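Undergrad: Next one to model:
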Amino acid sequence: MGRTVEILTGKAELCRSIMGALPDWFSEPEVIEASAEAVEDLPVFGYIEADVVTAMIALKPHLPGAVEIALIATRPEYRGRGGGRHLVDAAERFAHQSGARLLTVKTLAPRGRNEPQFEATRRFYDRNGFVRAEVFDKLWHEGHPCLFMVKPLVGNQPSETAP
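TA: Have a look, this model is predicted:
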């Protein structure tokens, strides 16, 4: 059984290490480098098993109402062992503590190709309570449609007793 911790140093190196081990998801070196630079300024949590950070999540607050999962990735040899679920739980706790009412994520939308890795990603979010909200065909660039997903957070809703 692992544990979730906040990562305070070495965020970029961790990001490069994990994303670099996932060429089916992250094949463009410039995307990996841009992500590594971006996570330095974001809250990052890692899932640790046997002293190895097996998975990471970077969060981008859009307060007051939402926190975005800017990046979540698991080393290939640790996929399917629950690290991602624990990191989504950590993101929900962070969002609640920040007063946010929504947890959001952007991922690649279906694009009529055989891409089981991205279908697995979308199913992961589905299983973890995210709703497929909208597709933006050109948010990123042509041929990479963005699926925007939202998870309402229970317990941070406006007062139900208001008139």
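
Undergrad: And the least confident helix or strand in the chain by mean pLDDT, what does it pack against?
TA: Using mean pLDDT, DSSP states H and E, strand 131-141 stands out as the lowest-scoring helix or strand of the chain, at a mean of 90. Packed against strand 131-141 by the contact rule (3 or more Cβ pairs under 8 Å, 6 or more residues apart in numbering; DSSP states H and E) you find strand 144-152. C-betas here are computed from N, CA, C, even on glycine.

Undergrad: list the helices and strands the strand it packs on packs on?
TA: Looks like strand 144-152 contacts strand 102-108, strand 131-141 (3+ Cβ pairs under 8 Å, 6+ apart).

Undergrad: partners of His144 in the sheet?
TA: Assessed by DSSP bridges, His144 has beta-bridge partners His141.

Undergrad: For Leu42, which non-adjacent residue is closest in space?
TA: Taking Cβ to Cβ, 6 or more residues apart in numbering, and ignoring the residues beside it in sequence, Leu42 has Ala58 as its nearest neighbour in space, at 4.6 Å.

Undergrad: What of Arg132?
TA: Of all residues beyond its chain neighbours, the one nearest Arg132 is Met149 (5.6 Å), with distances taken as Cβ to Cβ, 6+ apart.

Undergrad: The one you found touches Ala109, doesn't it?
TA: No. In terms of Cβ atoms under 8 Å, Met149 does not count as a neighbour of Ala109; the distance is 10.0 Å.

Undergrad: If anything else comes up later, I'll come back, but that's it for now.
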